[in-house]
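1. 3D, please:
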Amino acid sequence: MRGARSNARGGAPGTRIAWPATLAAKRQTPLRAEHLRFVPTASQGGELHCFALDCSASMLAGEQLALAKGLLVALFDRVARERGEAALVCFGGMGADVRFGPAAPRWWNERWLRPVGGAGGTPLALGVRRAAQLLERAARRKPAQQRWLWVLSDGRSRDRPQRPAGADRVVFVDFERAAVRLGRCAQLAREWDAVYCVPEDLIRA
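-> Presented below is the predicted three-dimensional model:
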């Protein structure tokens, strides 16, 4: 994930595919060679990946929360391999809490996520606000750092939060699987000029 910026945003291309930037380029079309973006060989200031995990009751349907937790373990592992920093904000019910970081996730594993359960509504605005505060503090601490916000949610909320100013890039991972879909993650991704994907895109990556 380090340098998942497009080649145009700096850094000589490496040989590893930068999947978030690649998914942003392909959008809803089949993947083609011209969509591919590569990881730059160097990254000034490093990167922080802040993950906002939806822990509402609606994420329990179809075991979407379990899928999200499994994906988080893989994403944290990527951050660790690429010597970045990570943070985790969990939101659900009436609250939003920082569960990890910002820190290098050297000792991260699935045991950290086992206590995380799902209940209540989807306070998306509260979760985004808590993540925004974390990113703003990180910007003061390390101004040169690239800051990513990943929102893992089914989007089943009436909230319409603003894009956090402290996030250089945003990725929405849409877990909505209801028979009647609201499509709010896709809508926010368009409004925020963010990357939009589903879990399977990242699992395949």
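2. and residue 165, which of the three is it?
-> coil (DSSP: H, G, I helix; E, B strand; the rest coil).
3. what about it, distance to residue 176?
-> 27 Å (Cβ to Cβ, to the nearest Å). (C-beta placed from N, C-alpha, C; glycine too.)
4. out of the two, which sits in the more crowded spot?
-> residue 176 (21 against 9; other Cβ atoms under 10 Å).
5. excluding chain neighbours, what is closest to the more buried one?
-> Distances taken as Cβ to Cβ, 6 or more residues apart in numbering put residue 154 closest to residue 176, at 4.2 Å, once the chain neighbours are dropped.
6. repeat for residue 163
-> Residue 163 sits nearest to residue 192 (Cβ to Cβ, 6+ apart), 4.2 Å away.
7. who touches stretch 53-66?
-> Stretch 53-66 is contacted by residues 68-69, 72, 88-93, 116-124, 127, 151-154, 156-157, 175, 177-178 when judged by Cβ atoms under 8 Å, 6 or more residues apart in numbering.
8. ok so, going back, give the contact list for the residue nearest to residue 176.
-> 54, 56, 58, 59, 64, 122, 174, 175, 176, 177, 178, 185.
9. would you turn those into JSON lines with distance to residue 197?
-> Below are the contacts of residue 154 laid out as JSON lines (distance: Cβ to Cβ, whole Å):
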{"residue": "54", "distance to residue 197": "15"}
{"residue": "56", "distance to residue 197": "20"}
{"residue": "58", "distance to residue 197": "19"}
{"residue": "59", "distance to residue 197": "17"}
{"residue": "64", "distance to residue 197": "15"}
{"residue": "122", "distance to residue 197": "19"}
{"residue": "174", "distance to residue 197": "7"}
{"residue": "175", "distance to residue 197": "11"}
{"residue": "176", "distance to residue 197": "12"}
{"residue": "177", "distance to residue 197": "15"}
{"residue": "178", "distance to residue 197": "18"}
{"residue": "185", "distance to residue 197": "10"}
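10. average pLDDT for stretch 83-93?
-> The pLDDT scores in stretch 83-93 average 91.
11. and that stretch, what's buried?
-> 84, 85, 86, 87, 88, 89, 90, 91, 92, 93 (16 or more other Cβ atoms under 10 Å).
12. what's the spacing between residue 173 and residue 99?
-> 17 Å.
13. comparing the two, which residue is more hemmed in?
-> residue 173 (25 against 15).
14. roughly how far does that one sit from residue 80?
-> For residue 173, the distance to residue 80 - Cβ to Cβ - is 19 Å.
15. what's the helix or strand for the most centrally placed residue in the chain?
-> In the chain, the residue lying closest to the centroid (Cα atoms, centre = their mean) is residue 150, at 1.6 Å. Secondary-structure element containing residue 150, defined by DSSP states H and E: strand 146-153.
16. stretch 80-89: end-to-end distance?
-> 18 Å (Cα to Cα, to the nearest Å).
17. what lies in contact with that stretch?
-> So stretch 80-89 is contacted by 1-2, 46-53, 72, 75-76, 79, 96-106, 108, 127, 130-131, 134, 138, 145 (Cβ under 8 Å, 6+ apart).
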